[in-house]
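>>> when you get a sec, could you give me coordinates for this:
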Amino acid sequence: MKNSITILFILILFQSCAEESNTDTTIDLIKKVENGLTTRVYIAGDSTWSIEERMKHYGIPGVSIAVIHNGKVAWSKGYGIMDKESKVPVTDKTLFQVSTIGMSLTAYGALRLVDQNKVTLSEDINSYLKSWKLPDSEFTKEEKVTVKNLLSHSAGINVHDFQGYSTDVPVPTLIEVLNGTPPANSNPIIVDKTLNENLWISAGGYTIIQQMMMDVEGKKFPELMNELVLQPLEMNNSGFNQSLTTEQLPIAATGYLRDGSMVKGKRHIYPELASNGLWATAEDLAKFVVNIQQTLKDNNRNKGLSKDITELMLTPSSKNRYGQYGLGFSIYNKKDEVYFEHHGWSTGFYSRMTAHRDNGYGVVVLTNTPLPAFVFEVFRSVALAYKWDNYFPVHKEMEIEQSLVDKITGRYLANGRIVEVFQKDNQLLYKNILNVKAEELIKVSDSSFVRRNSSRLMQFKPNSENGTLNLLYINSNDGTIASTFVMMDIDKKEPVEFLLEGDFDKALNAYRALKEHDPTYPTATEDYLNDLGYSFFREDRMKLSQDVFKMNMMLYPDSFKVYESYAEACVKIGEIDLAILNYTKSLELNPQNNRTKNTLKELQKSE
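As a prediction, the model looks like this:
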């Protein structure tokens, strides 16, 4: 009897020590995450940042994090404050407006209706819609829009995102949003592209899904999502309600803009609940991710979606500018390791969740300022601490010979884009000529170099035909060549270089000559120049931004977009009269553009 008691005591002591060890391990990992924020590429030995340091650097008031490990929510924690005035701290129960992350949950809810044989993926969406119909167009004559098209963003729907509504303005009904009628501030939702082409993410498409689900079930959308998703998955602190309840308001984070100012009314209202209306905690979203992971392992037979439909969610159905997209998730293949994720972006908030398809780990990060860079730094810190498989590149630095430096220095050209490799203060540097700052170029193998802020490898190889040195960008995931830059002659110049030098007239002449010679030349197209103007706009390089937009107006005078962009730049620098003139011109070319109409009205009121 005495021996049995001794053995039992030893077992209890061993179990207690094991539990304490597990707790210590979790605490250690939390500390690693909190102090391991790093660049897009980690070079062994690099110093890292803490969460607090980077929150201060970016000006982010509040953050909530939930980490998934071994198929469970390992921990969740809040950092900073949810509101600058009250200074109430963020906790694991703080609600954030997670916006387009809600698309993943909406897809899950819609697919539960498929599981229940109430909806099929391949049927014409109009066969389910009762309160509103998607207008036919030239793009739907031969092929009709389906639920699968809408969930995978392959339906050719025009509305990419929604701005939301300040708390002091009228909020439209969902039908008014779909029709683009006042007080809606977005355009009518239509099909304006060929189905199944490479497309942007379409919030408008998910708004159609919202109406479809309500028409099929005869219930309000928040009630439906509670029944189909939130309650079964025990996401007890989250909801799709358009206005926060009295219980939710005290624990809801306030949104802040990039300049640190508070969103008017603390947050915007989104009647487009399916795409933008979700308020959630990081822990609840982590539960959602865990449910998907466990279902794929056949551990959730009576909870939520079937395994077959869940696998379909994570099967690439379309390809857009962000990569592969399934039914409600972006899918990333990182050297045969499959990750699924979704971002949430709205006025004053940015959130993101990512997870490994099969290995039971992931992370959710919610913030109340729209600055994605910080969130990705946290992701990389979690990946380092928990040793995720191939999530982002980790390298060791190698020495580089001076003879190689001399050989590869120069300017390189690809489709009008120019990069420069040069040496300064015994350091090898790389710079896109459009950028202000150069980056260190680090040798990581006999033939490959990296930059800390790009996941792609770089290699220098002579052209087999003419011996000219090429700079190759290599995709780190699959080793394929992403692009090839050719070393330039010293005296050759591209039109954008004249702009950077401040010579507008010479740049205009060069662009006109280039456009006449080759209208499809990549850096002379309307879209490229518009994107270039906005890149300078975001960097507050307003002289360059205005020059590019002005150049675009002169090259493409029949496009409403070029005048709209130039007007936006004018607003930013306070040239309101010029802004009104160009918004008016844009509206003359496209009278149906509700966003421009509303902006013009606001500007005219302020005059």
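
>>> can you get me a residue count around residue 48?
17 (other C-beta atoms under 10 Å). (Glycine included, C-beta is placed from N, CA and C.)

>>> before we move on, what about residue 247?
Other residues within reach of residue 247, judged by other C-beta under 10 Å, total 7.

>>> residues contacting the spatially most central residue of the chain?
The C-alpha lying nearest the average C-alpha coordinate of the chain belongs to residue 343 (C-alpha atoms, centre = their mean; 5.0 Å). By C-beta atoms under 8 Å, 6 or more residues apart in numbering, the contact set of residue 343 is 100-101, 350-352, 372.

>>> how about it, phi and psi?
With angles defined as degrees, to the nearest 10, residue 343 sits at phi -100, psi 160.

>>> quick one: classify residue 106 as helix, strand or coil.
Secondary structure for residue 106, judged by DSSP: H, G, I helix; E, B strand; the rest coil, is helix.

>>> distance of it from residue 39?
Noted for residue 106: a distance of 34 Å to residue 39, by C-beta to C-beta, to the nearest Å.

>>> out of the two, which sits in the busier spot?
Between residue 106 and residue 39, residue 106 has the larger neighbour count (other C-beta under 10 Å), namely 30 against 18.

>>> not counting residues beside it along the chain, what's closest to the more buried one?
Closest residue to residue 106 apart from its sequence neighbours, by C-beta to C-beta, 6 or more residues apart in numbering: residue 274 at 4.3 Å.

>>> that's a helix at that neighbour, yeah?
Yes: assessed by three-state DSSP, residue 274 belongs to a helix.

>>> what about it, distance to residue 98?
Residue 274 is 13 Å from residue 98, where distance means C-beta to C-beta.

>>> now residue 203
In terms of C-beta to C-beta, residue 203 sits 14 Å off from residue 98.

>>> who has more neighbours, these two?
Neighbour count, other C-beta under 10 Å: between residue 203 and residue 98, residue 98 has more, with 31 against 24.

>>> pLDDT score for residue 357?
Here, the pLDDT recorded for residue 357 equals 97.

>>> contacting residues for it?
293, 296, 314, 338-340.

>>> what about 10 Å?
With contact set as C-beta atoms under 10 Å, 6 or more residues apart in numbering, residue 357 has these partners: 292-293, 296, 311, 314, 329, 331-333, 337-340.

>>> just the helices in the stretch 351-500 of the chain please.
With helices called from DSSP state H, counting those that start in this stretch, the stretch 351-500 of the chain shows them at 372-385, 402-408, 495-500.

>>> now these in JSON lines, with distance to residue 212, mean pLDDT and mean neighbour count?
Shown next, in JSON lines, are the helices of the stretch 351-500 of the chain (distance: least, C-beta to C-beta, whole Å; pLDDT from 0 to 100; neighbours: other C-beta atoms under 10 Å):
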{"stretch": "helix 372-385", "distance to residue 212": "30", "mean pLDDT": "97", "mean neighbour count": "21"}
{"stretch": "helix 402-408", "distance to residue 212": "56", "mean pLDDT": "94", "mean neighbour count": "13"}
{"stretch": "helix 495-500", "distance to residue 212": "46", "mean pLDDT": "94", "mean neighbour count": "20"}
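
>>> now render those helices as JSON lines, adding distance to residue 532.
Shown next, in JSON lines, are those (distance: least, C-beta to C-beta, whole Å):
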{"stretch": "helix 372-385", "distance to residue 532": "20"}
{"stretch": "helix 402-408", "distance to residue 532": "27"}
{"stretch": "helix 495-500", "distance to residue 532": "8"}
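
>>> the ones you listed: which one's closest to residue 268?
helix 372-385 (18.4 Å; C-beta to C-beta).

>>> so which elements touch that closest one?
helix 2-34, strand 42-43, helix 51-58, strand 62-69, strand 337-346, strand 349-356, strand 362-367, strand 394-395 (3 or more C-beta pairs under 10 Å, 6 or more residues apart in numbering; DSSP states H and E).

>>> tell me how far the residue nearest to the centre of the chain lies from residue 372.
The spacing between residue 343 and residue 372, counted by C-beta to C-beta, is 7 Å.

>>> shared neighbours of these two, anything?
Residues touching both residue 343 and residue 372 by C-beta under 10 Å, 6+ apart: 350-352.

>>> contacts only, for the nearest residue to residue 133 once chain neighbours are set aside.
Nearest non-adjacent residue to residue 133, counting by C-beta to C-beta, 6+ apart: residue 126, 5.2 Å away. Residue 126 makes contact with 132-136, 140, 144-145, 208, 212, according to C-beta under 10 Å, 6+ apart.

>>> which of those count as buried?
132, 134, 140, 144-145, 208, 212 (16 or more other C-beta atoms under 10 Å).

>>> which ones among these lie within helices?
With DSSP state H as the criterion, helices contain 208, 212 from among the buried ones among the contacts of residue 126.
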